[in-house]
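Engineer: quick one: sequence plus predicted model below, questions after.
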Amino acid sequence: MIRFLSVFQRCEGMMNIVWYRLPVSVSSTCYCRTSYRIYDGGKSYYFVPHRFASSTPVLGCHFFPTKFISATTAWLSRLRKFKVRASGSRQYLPPLFSVAPMMDWTDNHYRTLARLISHHAWLYTEMVVAETIVHQQHNLDKFLEIPEMQHPVVLQIGGSNLSNLAKAAELANAYGYDEINLNCGCPSERVAGHGCFGAQLMLNPKLVGEAMASISANSDVPVSVKCRIGVDDHDTYDKLCTFIDTVASLSPTRHFIVHARKALLKGLSPAENRTIPPLKYEYVFSLIHDFPHLDFTINGGITTVHQVNSALQKGVYGVMMGRAAYNTPWATLGHVDTAVYGVPSPGISRRQILQQYQKYADSVIGKYGTNKPSIRNVVKPLLHLFHSEPGAGVWKRRMDAAFRHCTSVQSLLDEALEVIPDYVLDASPPSPISDDEPFAGIEMLMPQLQVISS
């Protein structure tokens, strides 16, 4: 536990500035990286969310609006949570950055590529339906097997049948996932349109709490919930708080990943549900204030590492990025380790990444039967590796043509990589984009909790 030598306040304009002086004994090494200082005390990493002008390793500061002064103690409690996370015999840095579960996208192949680019990002599986796990016990490797190098990995499951969720969690233990997450946010008709499933579950918080209790009781790892801020016209901040409070009260769930849009179950496609309902980031930051004993990861509309760091500086436990991490993996994941976690860059080029990925890809083609997976399946995540780079368009066309006659990923890459210049293959990730501050003035928008209904 960190013991603070002193805490004092002073006012500058409309902001109260709270300074924390850390004891020298906490820090044997101080890494200075962009927005974060990581204090390595031997066993734990401590993240102080502010950019410092001083070079001393024992001084940190955090900005609080006036309304947050009363929450200083809660914030200190959250600060202590930023430590190395243990999962079984493994230890990882906390999920400051994670890649969202995306159906048909975040499969084993994409996650392998993502892990080659970032060593510390937390990765999520596609959603796996609990009934699929229960009824495919003879073929579970196809749905649950993960390479050891992919960790940390979170298994997302879907469903509402308590016995099936419990059995699915029990069966997943053998595969060594680092967390199990329940899908309470997907608005797709493939999910929400089949009874109490996906985002529909938010309308029944008691059921979700019981489901999470069942999952946790049968799992060896922590559990979490991914949800929206509301569903249809059930979208007030009080209703969201009721959902969070009920689930946390009925189960050991302490981590919520909140997509800061509500879900509209009728009339909008999944793609439209990602863009049409307005983002209300203020709901997530209010949850942090009102539930200081819980951890909240923010999701929705965040597309750059600069925005990730902005959210972390405002106090979120973590940030989840979706399609931007898939469509521009080099420009996003390529900066996660250094800019978000503050650790040295792996120093790997895309040439080296492709060499390693090729060995993985050729080893799994046809593993579960003819063309299961196919060469097209395993190469799909590579199509965006050179997004907006010279030769990117020709690269995709060359890959598409090579699918028709190449029988291995090695032969396909030998043919397609001819169109990518050497300086592109060997280049570092492009400089991070410093875009607009999406959370500026968020404190003025934060709703106040009125009452939590039972």
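Structural biologist: Okay, I see it.

Engineer: and the strand or helix carrying Tyr326, what's its mean pLDDT?
Structural biologist: In this structure, Tyr326 sits in helix 323-327 according to DSSP states H and E. Averaging pLDDT along helix 323-327 yields 96.

Engineer: tell me which other helices or strands the next helix or strand after it touches.
Structural biologist: For helix 323-327, the succeeding helix or strand toward the C-terminus, using DSSP H and E, is helix 329-335. On a contact count with 3 or more C-beta pairs under 8 Å, 6 or more residues apart in numbering; DSSP states H and E, helix 329-335 meets helix 108-117, helix 323-327. C-beta here means a position set from N, CA and C on the backbone, and glycine is covered the same way.

Engineer: would you mark the buried spots in the helix holding Tyr326?
Structural biologist: For helix 323-327, the neighbour count (16 or more other C-beta atoms under 10 Å) marks Ala324, Ala325, Tyr326 as buried.

Engineer: let's have those residues in TSV, adding distance to Asn173.
Structural biologist: Output for the buried residues of helix 323-327, formatted as TSV (distance: C-beta to C-beta, whole Å):
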residue	distance to Asn173
Ala324	32
Ala325	28
Tyr326	28
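
Engineer: between the residues you listed, which is nearest Val364?
Structural biologist: Nearest to Val364 among the buried residues of helix 323-327, counting by C-beta to C-beta, is Tyr326 at 19.3 Å.

Engineer: determine the number of other residues adjacent to the nearest residue to that closest one once chain neighbours are set aside.
Structural biologist: Nearest in space to Tyr326, with sequence neighbours left out and distances taken as C-beta to C-beta, 6 or more residues apart in numbering, is Trp105 at 5.5 Å. By other C-beta atoms under 10 Å, the residues close to Trp105 number 18.

Engineer: tell me the SS of Trp105?
Structural biologist: Judged by DSSP: H, G, I helix; E, B strand; the rest coil, the three-state class of Trp105 is coil.

Engineer: what does it show for phi and psi?
Structural biologist: Torsion angles at Trp105 (phi, psi; degrees, to the nearest 10) stand at phi -120, psi -50.

Engineer: mind checking how far it is from Pro381?
Structural biologist: According to C-beta to C-beta, to the nearest Å, Trp105 stands 8 Å off from Pro381.

Engineer: name the residues contacting each of the two.
Structural biologist: Common neighbours of Trp105 and Pro381, counting by C-beta atoms under 8 Å, 6 or more residues apart in numbering, are Tyr326.

Engineer: of the buried residues of helix 323-327, closest to Met212?
Structural biologist: Ala325 (26.2 Å).

Engineer: what is the closest residue to that closest one other than its chain neighbours paired to in the beta sheet?
Structural biologist: Distances taken as C-beta to C-beta, 6+ apart place Val99 nearest to Ala325, at 4.6 Å, with adjacent residues excluded. Per DSSP bridges, the residues bridged to Val99 are Leu123, Met321.

Engineer: equivalent analysis for Phe256, please.
Structural biologist: Bridge pairing for Phe256 (DSSP bridges) gives the partners Val225, Phe296.

Engineer: tell me, how many residues neighbour it?
Structural biologist: Here the number of neighbours of Phe256 (other C-beta under 10 Å) works out to 24.

Engineer: distance of Val336 from Arg351?
Structural biologist: Distance of Val336 to Arg351, given as C-beta to C-beta: 20 Å.

Engineer: compare these two (neighbour count), which wins?
Structural biologist: Between Val336 and Arg351, counting by other C-beta under 10 Å, Val336 is the more crowded of the two (26 against 14).

Engineer: returning to that earlier point: burial of the residue nearest to Ala325, as a residue count?
Structural biologist: Residues lying near Val99 (other C-beta under 10 Å) number 27.

Engineer: for it, list the residues it contacts.
Structural biologist: Going by C-beta under 8 Å, 6+ apart, Val99 touches 106, 111, 114, 121-124, 320-322, 325-326, 333.

Engineer: likewise for Ala100?
Structural biologist: Residues in contact with Ala100 (C-beta under 8 Å, 6+ apart) are Thr106, Tyr124, Asn299, Met320, Met321, Gly322, Ala325.

Engineer: most surrounded residue in the residues you listed?
Structural biologist: Among those, Ala325 has the most neighbours (other C-beta under 10 Å), with 29 neighbours.

Engineer: that residue reaches Leu333, doesn't it?
Structural biologist: Yes - Ala325 lies in contact with Leu333 (C-beta atoms under 8 Å); the separation is 6.0 Å.

Engineer: shared neighbours, the two?
Structural biologist: Shared contacts of Ala325 and Leu333 (C-beta under 8 Å, 6+ apart): Val99, Ala114, Ala121.

Engineer: from the centroid of the protein, which residue is nearest?
Structural biologist: Centroid-nearest residue in the chain: Ser98, 2.1 Å away (criterion: C-alpha atoms, centre = their mean).

Engineer: now that one: how far from Val154?
Structural biologist: Distance, Ser98 to Val154, by C-beta to C-beta: 7 Å.

Engineer: assign Phe143 to helix, strand or coil.
Structural biologist: Put simply, Phe143 is helix when judged by three-state DSSP.

Engineer: count the neighbours of it for me.
Structural biologist: By other C-beta under 10 Å, 18 other residues sit near Phe143.

Engineer: so who does it touch?
Structural biologist: Residues counted as contacts of Phe143 (C-beta under 8 Å, 6+ apart) are Val128, Thr132, Ile133, Gln136.

Engineer: so the last one versus Lys142, what's the distance?
Structural biologist: This points to Gln136. Per C-beta to C-beta, Gln136 is found 7 Å from Lys142.

Engineer: do the same with the third one
Structural biologist: Using C-beta to C-beta, one gets 11 Å for the distance from Ile133 to Lys142.

Engineer: so those two - more neighbours on which side?
Structural biologist: Ile133 (23 against 15).

Engineer: what strand or helix carries the more buried one?
Structural biologist: According to DSSP H and E, Ile133 maps onto helix 130-135.

Engineer: show me what that helix packs onto, helices and strands only.
Structural biologist: Partner elements for helix 130-135 (3+ C-beta pairs under 8 Å, 6+ apart): helix 140-144, strand 153-158, helix 162-172.
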